[in-house]
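Q: give me a model of this one.
(2 chains)
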Amino acid sequence: MRSHLLHLLLYSTVVSTFFGVLARRGARDRFRLGSMIWATMVGGTLVLAYLMYAFPR
Amino acid sequence: MAGGGPRDAGADAAGAFSRGKTLLAVALAWAVPGLGHVVLGRVRRGILFFVLIAGSFALGLAHDGRLALRDPRQSVLTTLQIVANAGVGPADPAARWAVYGEIAYSMPQDPSSRRLVIFRDRTRSALSMYGTAYLWTAGLMNLLLLFDVWDIGRGRKA
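A: Alright, predicted model coming up:
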């Protein structure tokens, strides 16, 4: 798998699922924490990538 | 949650298992990710953790992730990398055997060493950084699970 974006999505899914299940009890709370971690990882990376576009080197 | 339910067979009234069973669960959790949770009755959670950690480890190997070798020039950093790798238990030496042909943890000084050539070839791969991230994540997640298993075993966590 050579797609950077797919790696970002997959890695974020693994990590957010792990911490959601580890740190919370109950499906609703787990889903909420996992979603928050996933959105922060993916969103933060895309924002950072967009900002870095102005500095190619 | 305090109090033993059907899944807490062997636990006392406060939901704590014996120290011996808890230590056994921690050891099994290191050897096989998720097994410590299964031993303590958290079967679904254990299976999910196994899938996540084994999947991350397999992705790491498939993407030429770095199986760290201790380099005396960067001893602290490379030792920490080995700790992260070793977090997955016996799967780490097995992977070293498969990749290097030996269970090796140190950087050879001879530049023509087969181990060094393999190590450099893998880290030159375009996907190696991703592979390394998956490998370290698998090991560190499993190390975190050891604390979780201990807390469950001692009745501090449901």
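
Q: from here on, contacts and neighbour counts on C-alpha atoms
A: Will do.

Q: what is the lengthiest helix in chain B packed up against?
A: Scanning chain B for the longest helix, with DSSP state H as the assignment, gives helix B:128-153. Secondary-structure packing of helix B:128-153 (3 or more C-alpha pairs under 8 Å, 6 or more residues apart in numbering or on different chains; DSSP states H and E): helix A:4-23, helix B:19-31, helix B:35-39, helix B:43-62, helix B:75-86.

Q: want to try a markdown table for those, with mean pLDDT, mean neighbour count and distance to residue B:108 as columns?
A: Putting those into a markdown table (pLDDT from 0 to 100; neighbours: other C-alpha atoms under 10 Å in any protein chain shown; distance: least, C-alpha to C-alpha, whole Å) gives the following:
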| stretch | mean pLDDT | mean neighbour count | distance to residue B:108 |
| --- | --- | --- | --- |
| helix A:4-23 | 96 | 17 | 32 |
| helix B:19-31 | 96 | 19 | 28 |
| helix B:35-39 | 97 | 24 | 35 |
| helix B:43-62 | 97 | 20 | 21 |
| helix B:75-86 | 97 | 18 | 13 |
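
Q: what number of residues lie near the spatially closest residue to residue B:94 that is not a sequence neighbour?
A: Nearest residue to residue B:94, sequence neighbours excluded (C-alpha to C-alpha, 6 or more residues apart in numbering or on different chains): residue B:103, at 7.4 Å. By other C-alpha atoms under 10 Å in any protein chain shown, the residues close to residue B:103 number 14.

Q: the one 10 residues further on now?
A: The local packing count at residue B:113 equals 12, with neighbours defined by other C-alpha under 10 Å.

Q: for it, give me its contacts.
A: Applying C-alpha atoms under 8 Å, 6 or more residues apart in numbering or on different chains to residue B:113 gives no contacts.

Q: next up, phi/psi of it, please.
A: Note on residue B:113: its backbone torsions stand at phi -60, psi 140 [degrees, to the nearest 10].
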